[in-house]
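**Student:** Model the following, please.
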Amino acid sequence: MIEAGLGAAVAAAPSTAGRRAEIGELAAGLRAAGFTGAALREAFRGATNIVASGPELAIHERRLAAAGAPLGRLFVLGLPTPTEDVPRSLAELASALDLVDERDGTIAPRVRIVPHDDLLILADLPDRREPDHVASVHPPSVTLAALTVRRTVDTALDVGTGCGVQALLAARHARHVVATDVNERALAFAEFSTALNGVENVELRAGSFFEPVRDERFDLLVANPPYVISPESALVFRDSGLPGDTVSAELVRAIPAHLADDGFATVLVSWIAGDDALERPRSWLAGSACDAWIVHTGTEDALGTAATWNRSAATSEVGYEERVDAWLDYYARLGIEHVGYGAIVLHRRDGENWIRSAELPPDRLQPASEQLERMFAASDVDVLATPLRLVDGAFVDRTGKLVDGTWSFAGATVRLETGIGFGANLDHYGALVVSALDGRAPLGERLDDLTRGLSRPPDEVRAFAEQLARHLVERGFAVPV
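**Tutor:** Numbers count the residues shown, from 1 in each chain. Alright, predicted model coming up:
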């Protein structure tokens, strides 16, 4: 069983008791003042991590000043702000709700409020590094949200909810959402965020991972666990206290028991990577009764991993280099040279299950729910006997080469406008195959026309066409008509 715990007493957190009406007023006031995800994205000039600290903080501060966005300075960056720059009614509400301190002409935040799309999410300030620290929305949160299937369901489970953003997103398409966390402070913050967003269908339960839902199954399951391979137990949201990649392995193995038939789950994981980069996550899925896609977001060497996870967590008691050295010693003891990162998406169904994998193109991920459903539905398609068509939003980019005043075909690429930014490079024949995916006739019936004039053997051409069509169907580029 997966176990996790806190190393220190839980600190005070903002309360919602008898204050939901005031919290709703605050949310309405913030939005009316332009404190929205869209407005802040524009102010931050497209920065992907608006909750960054360190050197990025000064850059973000300048951008917000130029955009005239003091609420972003106060609640997103967590910086003291002149009282005169904050609407009086908002300042009074925030103070009454214990979210800010006001003195000597300055308002200082006690918490962060970060817009995510049209949600408002409460979290701790970045310089509060207690074990029960509640992290804000950050890039892994966005990755998990994008790789979650968003069909309408009856029940959903958010394991290790943290600030509650995944539970709030699930609440839009699930009748009832259960969110669990071992960190009582995180549950208090998540409850406050439900009030900020007027959400009534999220139930919060205290406990480690699946303990609060021992015998229950859900139609949707999401998890952003403390997957970092770490020698510490300093931060509950980051460190599991378990050796190596144990927390990721045990969580993945436990998910199917809590997933209803035809249910989907998405979990972020990390693993000890060897010569076969995906060997370990594949082994966790054996006998799971689920089909699975492993989406590999990247691999770091041990030094890079230690540096990444300590850059923002360094403390005055222990310096940055000393922390990195301690992590490297831990990795050396466990024989860890590389760490893999990614997400695993599972679909529970009867029958012969499969495991597939793909590399996630860098910086090319948007909400991918529809694409994921297509990817999981692809296993039963006979790609040569079934009429196929490219999905709406597919692009085919052709490149020409000018030689002696004459244009000739130099290559092509097929890609998707939304979802996971997969792409495929095509030669002349690959481009012909893709052009034939118009839904009018099965590809197998058109091979003679497509191969006329080519010097390749018919069996080789047929195998190539089948392989390319299978690739496009499995990655959600093409669907049966």
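**Student:** C-alpha only now, for contacts and for neighbours.
**Tutor:** Will do.
**Student:** So which bits of stretch 192-201 are buried?
**Tutor:** Along stretch 192-201, these residues count as buried under the neighbour rule (16 or more other C-alpha atoms under 10 Å): 192-198, 201.
**Student:** For that stretch, C-alpha coordinates in CSV please.
**Tutor:** Coordinates of the C-alpha atoms in stretch 192-201 are reproduced here as CSV (Å, rounded to 0.1, in the frame of the first residue of the first chain):
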residue,chain,number,x,y,z
PHE,A,192,-11.5,27.7,-0.6
SER,A,193,-10.9,27.4,-4.3
THR,A,194,-14.2,25.5,-4.8
ALA,A,195,-15.9,28.5,-3.1
LEU,A,196,-14.0,31.0,-5.2
ASN,A,197,-15.3,29.3,-8.3
GLY,A,198,-18.8,28.5,-7.0
VAL,A,199,-18.3,24.8,-7.4
GLU,A,200,-20.6,22.5,-5.3
ASN,A,201,-19.9,19.0,-6.6
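**Student:** name the helices or strands packed onto the helix or strand harbouring V142?
**Tutor:** When secondary structure is defined using DSSP states H and E, the element that contains V142 is helix 139-146. Counting contacts by 3 or more C-alpha pairs under 8 Å, 6 or more residues apart in numbering; DSSP states H and E, helix 139-146 is packed against helix 165-170, strand 259-272.
**Student:** What are the boundaries of the strands in the stretch 351-481 of the chain?
**Tutor:** 355-359, 388-390, 394-403, 406-416, 423-426, 478-480 (DSSP state E, counting those that start in this stretch).
**Student:** just to revisit the earlier point, any chance of the helices and strands packed on helix 139-146 in a markdown table, with mean neighbour count and mean pLDDT too?
**Tutor:** As requested, the helices and strands packed on helix 139-146 are exported to a markdown table (neighbours: other C-alpha atoms under 10 Å; pLDDT from 0 to 100):
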| stretch | mean neighbour count | mean pLDDT |
| --- | --- | --- |
| helix 165-170 | 26 | 98 |
| strand 259-272 | 24 | 98 |
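**Student:** Any idea which of those gets closest to I23?
**Tutor:** Shortest distance between I23 and the helices and strands packed on helix 139-146, using C-alpha to C-alpha, is found for helix 165-170: 16.0 Å.
**Student:** Could I get the buried residue list for the next helix or strand along the chain from that closest one?
**Tutor:** Toward the C-terminus, helix 165-170 is succeeded by strand 174-181 as the next helix or strand (DSSP H and E). Using 16+ other C-alpha under 10 Å as the burial criterion, the residues of strand 174-181 that qualify are 174, 176-181.
**Student:** same deal with stretch 446-454?
**Tutor:** Neighbour-count burial for stretch 446-454, with 16+ other C-alpha under 10 Å as criterion, is recorded at 447, 450-451.
**Student:** now swap in stretch 95-110 and tell me
**Tutor:** Of the residues in stretch 95-110, those buried by neighbour count under the rule 16+ other C-alpha under 10 Å are 95, 97, 99-100, 102, 107-110.
**Student:** Equivalent analysis for stretch 21-39, please.
**Tutor:** With the criterion 16+ other C-alpha under 10 Å, stretch 21-39 contains buried residues 22-24, 26-27, 29-31, 35-37, 39.
**Student:** Show me which helix runs longest in the chain.
**Tutor:** Among the segments of the chain that qualify as a helix by DSSP state H, the longest is helix 458-474.
**Student:** Residues contacting that helix, please?
**Tutor:** Taking C-alpha atoms under 8 Å, 6 or more residues apart in numbering as the criterion, the residues outside helix 458-474 that touch it are 374-376, 378-379, 383-384, 430, 433-434, 444, 447, 451, 478-479.
**Student:** where in the protein is pLDDT low?
**Tutor:** Across the chain, the stretches falling below the confidence threshold (pLDDT under 70) are 1-12, 46-55, 312-318, 453.
**Student:** domains for it, by residue range?
**Tutor:** Using automatic domain parsing, the domain ranges for the chain come out as 18-110, 113-369, 375-480.
**Student:** so which of those domains is the most packed in?
**Tutor:** Between those, the one whose residues have the most neighbours on average, counting mean count of other C-alpha atoms under 10 Å, is domain 113-369 (a mean of 20).
**Student:** what's the span of it, first residue to last?
**Tutor:** Taking C-alpha to C-alpha, to the nearest Å, the span from the opening residue of domain 113-369 to its closing residue is 27 Å.
**Student:** now do stretch 241-258
**Tutor:** Using C-alpha to C-alpha, the span of stretch 241-258 from its first residue to its last is 23 Å.
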